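Novice: any chance you could fold what I've pasted below:
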Amino acid sequence: MRNRKYDYMKYYRVIRYFVKAKYNISQPDLDILFFLYSEGYFTVDRFLEFDRLVNWDNKRFKRLRSEGWIDNFRKPGGGQKGLYEISHKGKRLIDSIYKKLEGEELPSTAEHNPLYRKRVKSTDKIYKNFIERMNKELREMKAKGQRLRPSPE
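Specialist: Purely as a prediction, here's the structure:
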């Protein structure tokens with residue numbers, strides 16, 4: 001086995017599937033939230049600049065605002081463009097993904113994970129089984145003092 005300095009992306013697909021199911025968010029919307037998370041404040045023009053890279057949806061900005069993923073920081077007016085930011089809800093979502101990429105286990109109850117509900121698609125069952133395996137592996141790694149990422153020094 002090769003010694004890797006970082007192994008953040010090992011479970012990315014599983015984490016992404018869980019997040020999309022739990023928060024009812026599309027992959028393009030999630031990609032945009034990742035981009036905007038690092039931007040801090042942004043204008044509609046900056047949003048549209050990145051939006052051109054993902055599936056076309058001319059109502060995405062308005063929808064993300066109405067769903068509570070984007071907040072208005074400064075309203076347009078007086079010769080100034082409006083400024084926006086990722087909402088607290090959006091920041092918590094992205095922070096949660098980063099924590100899971102760093103080795104935090106995924107929830108394994110129907111209350112906190114829609115993939116654990118009784119009536120789910122067969123694909124959801126496959127991901128649920130993998131989550132069980134992933135969580136077990138993460139617990140074993142923690143018990144051995146291993147990490148998915150190196151400790152900060």
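
Novice: can we go C-alpha only for contacts and neighbour counts from here?
Specialist: Noted.

Novice: so what's Leu36 up against?
Specialist: Residues near Leu36 by Cα atoms under 8 Å, 6 or more residues apart in numbering: Phe42, Phe47, Glu85, Ile86.

Novice: mind running it again at 10 Å?
Specialist: Contact analysis of Leu36 by Cα atoms under 10 Å, 6 or more residues apart in numbering lists Leu30, Phe42, Arg46, Phe47, Phe50, Ile70, Tyr84, Glu85, Ile86, Gly90, Lys91.

Novice: quick one, what contacts the fourth one?
Specialist: Shown in contact with Phe47 (Cα under 10 Å, 6+ apart): Ile32, Leu33, Phe35, Leu36, Glu39, Arg60, Phe61, Tyr84.

Novice: work out for me the element it sits within.
Specialist: Element membership for Phe47, per DSSP states H and E: helix 44-51.

Novice: can you give the distance of that helix from its chain's centre?
Specialist: Distance of helix 44-51 from its chain centroid, counting by Cα atoms, centre = their mean, to the nearest Å, is 19 Å.
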